[in-house]
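Chemist: how would this look folded up:
(2 chains)
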Amino acid sequence: MIKITLPDGSVREFEQGITALDIAKSISEGLARNVLSAEVNGEVIDATRSINSDATVKLLTWSDSEGKKTLWHSSAHLLAEALEALYPGIKFGIGPPIENGFYYDVDPGGRSISSEDLPAIEAKMKELAKQKNPYLRKEMAKADAIAYFTDKNDEYKIELLNDLEDGTITFYQQGDFVDLCRGPHIPDTGFIKAIKLMNVAGAYWRGDEKNKQLTRIYGITFPKSSELTEYLELLEEAKKRDHRKLGKELELFMFSEKVGQGLPMWLPKGTALRERLTDYLKKAQAATGYVQVITPHIAHKDLYVTSGHYDKYGADSFQPIRTPNEGEEFFLKPMNCPHHCEIYKNKPHSYKDLPIRLAEFGTVYRYEQSGELHGLTRVRGFTQDDAHIFCRPDQVKDEFLKVIDLVFMIFKALDFKDFTAQISLRDPENKAKYIGSDENWEKAESAIIEAAQERNLSTVIELGEAAFYGPKLDFMVKDAIGRRWQLGTIQVDYNLPERFQLEYMGADNQKHRPVMIHRAPFGSMERFVAVLIEHCAGNFPLWLTPEQAVILPISEKYNDYAKKVLEVLKNYDIRAAIDDRDERAGKKIRDAEISKTPYMLIVGEKEEQSDSVSVRKHGEGDLGEMTLELFAKQVQNEVDAQINAN
RNA sequence: GCCGAAGUAGCUCAGCUGGUAGAGCAGCUGAUUUGUAAUCAGCUGGUCGGGGGUUCGAGUCCCUUCUUCGGCUCCA
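Modeler: Numbering: from 1, shown residues only, chains lettered A, B, ... in the order given. Predicted coordinates for the structure are as follows:
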């Protein structure tokens, strides 16, 4: 008999060789039907593998992320089985579980697999799933494994095998399909109840663009068909919120082939929104010791030779602009920091001056690969809400605290309630690849961690993710439908102060090198607005929305009163417009609802007589009649509450 | 940049196997003077992304180029 410790701390005795599935059965049949895999002494294994000694066992189901992974990984095998049945001789790369589902990279030989083929493959998978074929684990010597795939002519699997250490290789078989695999897998294919193949795409073998491009088939599966329905609904919702679609519908921004790809143009409404964000941040920054600067859009090549960016990115940049007579080279600026370093150098600094915080809404241009461009989130010209803080090493923590506070304030005003920070530190195994002294790194890394702790920021620490020039903290927000986005960033930089020979005079009358901190709470205005649009589905917070109210006169007769209402609202700093088209109220209301205007003010005879408006709120409906003054005050209160949401 | 898909009116889309373009909305004009998600009628609007080719004839077939979309690779 062996002792099995369960997560609740209870210990039960079982026969040696028991499986996790048996343990589940001993608890309840229902549980047994839901067990996908098991964590035994910290290792995730098949629920059908025997356990031969005392162990701590956690049964993994759909509610565990490891359980999901098991189902999806097994689903990838099921996909492969279906493909092999439909496309004999097809070769397989890898087929892992991913964040939402799984994929399999395949080489269909001379054939091609397109999205039109997916329904047939899906049907085959469903057919195979119904057979409830068990996933059987087999062990094989490496040489035999290579022989097996040589026989099958699958060079990809052979390559994978060659990279494995000698010894025993594990295989899994379900139905007629055998795959090289570490596992674990679900007990049988019958656990896969709902299947959806999403799309096909090209993917390089082993992620290397020099390698052959394979066909990647994405899919997702669920243990309950209702979950698939929910998932597809979420995708629909995401589609509705797509900032590219809403940006067009709400007339926020546009692209033009003539202007160039990846170069957004902000329409009047989008500009109004963006400027409001900019003003908000400028005010907040002015209050926390930043000074604004403005630098040109191009700079001499020498600036980037000094900064080191020329060597690193010169070839991948927009090509230089040359002066006609001298032939000097100028680059469109890809970042603002080198300019700001020059501003810092404009005069000598005392330790007493520090920190110096130079802020600029700087528009930068980067040559992104054409296939990379995506709406406002990935563009070739964008404006960073940039600032560079030049400070002493002992001031890093305090500066981080201040930036974190600033970011908190912004997130609250924009209704981002769920956010975390990722702190990227250097790889302790490979300190040589980073610039800057050990002492400074340690100081900065602990300063960042302490600052995050002091502000109760939930953080994930990633070792080895730091840039070569310094550690950083990135903010990740979760939007209204649960997607994660990376927005603001705070980065320590030891490189540029060195390269630009930045200095300050210390209390010891010696020259010292300042630390530079790059920070951008929004990241870029473009990306931020894109995320904001998707977060609020185009229903912007009242303080930010381009038009807060629209006045809808019932008929032409009340246009004059509508104008009076507009004047009063203006005096209250409320952004409004009149819809004086020759249309019925129903039509005007419909259009205002579609344009997501927060308040509709219907004015007719009774309103005119009592200096009032009938208020309808977007998405909610009729709020009834109220005096104009009362409405204006309510709007003001709502705006104040949003901006000062603390 | 690479693989795959797509590009028809301002927007959303139809146009079977080639026979010289169509709807709804928007816009304009007129009628209507309207009370909480579409008043009616008429009209305008497209060198079918660009260029080349095949053909008696191309939105439709072929080549090329640009852009967009889904991925891959990349992201100072």
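
Chemist: what stretches of chain A score poorly on pLDDT?
Modeler: Counting by pLDDT under 70, chain A shows low-confidence ranges at A:645-646.

Chemist: pop the domain breakdown of it in here.
Modeler: Domain ranges of chain A: A:2-61, A:66-239, A:253-536, A:549-643, per automatic domain parsing.

Chemist: biggest helix in chain A by residues?
Modeler: With DSSP state H applied, the helix covering the greatest number of residues in chain A is identified as helix A:65-86.

Chemist: show me which positions of that one end up buried.
Modeler: When burial is assessed from 16 or more other Cβ atoms under 10 Å, helix A:65-86 yields the following buried residues: A:66-86. Yep, even glycine has a C-beta here, placed from its N, CA and C like the rest.

Chemist: again, but for stretch A:133-151
Modeler: Along stretch A:133-151, the positions that meet the burial threshold by neighbour count (16+ other Cβ under 10 Å) are A:Asn133, A:Pro134, A:Tyr135, A:Arg137, A:Met140, A:Ala145, A:Ile146, A:Tyr148, A:Phe149.

Chemist: and of those, the nearest to RNA strand B?
Modeler: Looking at these and their distance to RNA strand B, the nearest is A:Phe149, at 23.0 Å (Cβ to the nearest atom of the strand).

Chemist: now the residue in the stretch 1-150 of chain A that RNA strand B sits nearest to. Nearest residue, chain neighbours left out?
Modeler: Distance from RNA strand B to each residue of the stretch 1-150 of chain A (Cβ to the nearest atom of the strand) is smallest for A:Ser114, at 5.1 Å. Closest residue to A:Ser114 in three dimensions, ignoring its sequence neighbours and counting by Cβ to Cβ, 6 or more residues apart in numbering: A:Val200, at 6.3 Å.

Chemist: I'd say the one you found and A:Arg216 touch.
Modeler: Yes. Using Cβ atoms under 8 Å, A:Val200 makes contact with A:Arg216 at a distance of 6.7 Å.

Chemist: A:Thr363 reaches A:Phe382, doesn't it?
Modeler: Yes. In this structure A:Thr363 lies within contact range of A:Phe382 using Cβ under 8 Å: 7.0 Å.

Chemist: those two: which has the busier surroundings?
Modeler: Here A:Thr363 and A:Phe382 are set side by side on neighbour count (other Cβ atoms under 10 Å), and the busier one is A:Phe382, at 23 against 17.

Chemist: tell me the secondary structure at that one.
Modeler: Secondary structure assignment for A:Phe382 (DSSP: H, G, I helix; E, B strand; the rest coil): strand.

Chemist: isn't it up against A:Arg527?
Modeler: Yes. Taking Cβ under 8 Å as the contact criterion, A:Phe382 and A:Arg527 are neighbours in contact, 7.2 Å apart.

Chemist: quick one: which helix or strand includes A:Phe522?
Modeler: Taking DSSP states H and E as the criterion, no element holds A:Phe522; it sits outside all helices and strands.

Chemist: what's the spacing between it and A:Phe416?
Modeler: 11 Å (Cβ to Cβ, to the nearest Å).

Chemist: likewise for A:Gln213?
Modeler: In this structure, A:Gln213 and A:Phe416 are 38 Å apart, going by Cβ to Cβ.

Chemist: who has more neighbours, these two?
Modeler: Taking A:Gln213 and A:Phe416 together and counting by other Cβ under 10 Å, A:Phe416 has the greater number of neighbours (22 against 13).

Chemist: which residues does the more buried one contact?
Modeler: Taking Cβ atoms under 8 Å, 6 or more residues apart in numbering as the definition of contact, the neighbours of A:Phe416 are A:Val477, A:Lys478, A:Asp479, A:His535.

Chemist: what separation is there between it and RNA strand B?
Modeler: Relative to RNA strand B, A:Phe416 is positioned 21 Å away (criterion: Cβ to the nearest atom of the strand, to the nearest Å).

Chemist: can you check A:Gln636 too?
Modeler: Distance from A:Gln636 to RNA strand B, by Cβ to the nearest atom of the strand: 22 Å.

Chemist: JSON lines for the domains of chain A, including distance to A:Lys245?
Modeler: JSON lines is the format used below for the domains of chain A (distance: least, Cβ to Cβ, whole Å):
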{"stretch": "domain A:2-61", "distance to A:Lys245": "37"}
{"stretch": "domain A:66-239", "distance to A:Lys245": "8"}
{"stretch": "domain A:253-536", "distance to A:Lys245": "9"}
{"stretch": "domain A:549-643", "distance to A:Lys245": "13"}
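
Chemist: any idea which of these gets closest to A:Leu542?
Modeler: Between A:Leu542 and the domains of chain A, the shortest gap by Cβ to Cβ is with domain A:549-643, which sits at 5.2 Å.

Chemist: who are the contact partners of the most centrally placed residue in chain A?
Modeler: With distances taken as Cα atoms, centre = their mean, A:Trp485 lies nearest the centre of chain A, 2.6 Å away. Taking Cβ under 8 Å, 6+ apart as the contact definition, A:Trp485 lies against A:Met476, A:Val477, A:Asp479, A:Val531.

Chemist: strand partners (parallel or antiparallel) of the helix or strand it falls within?
Modeler: When secondary structure is defined by DSSP H and E, A:Trp485 falls within strand A:484-493. Using DSSP bridges, strand A:484-493 pairs in its sheet with strand A:472-478 (antiparallel), strand A:515-520 (antiparallel).

Chemist: show me what from the stretch 51-200 of chain A comes close to RNA strand B.
Modeler: Residues of the stretch 51-200 of chain A that fall close to RNA strand B, judged by Cβ under 7 Å from any atom of the strand: A:Ser112, A:Ser114, A:Ser115, A:Asn199, A:Val200.
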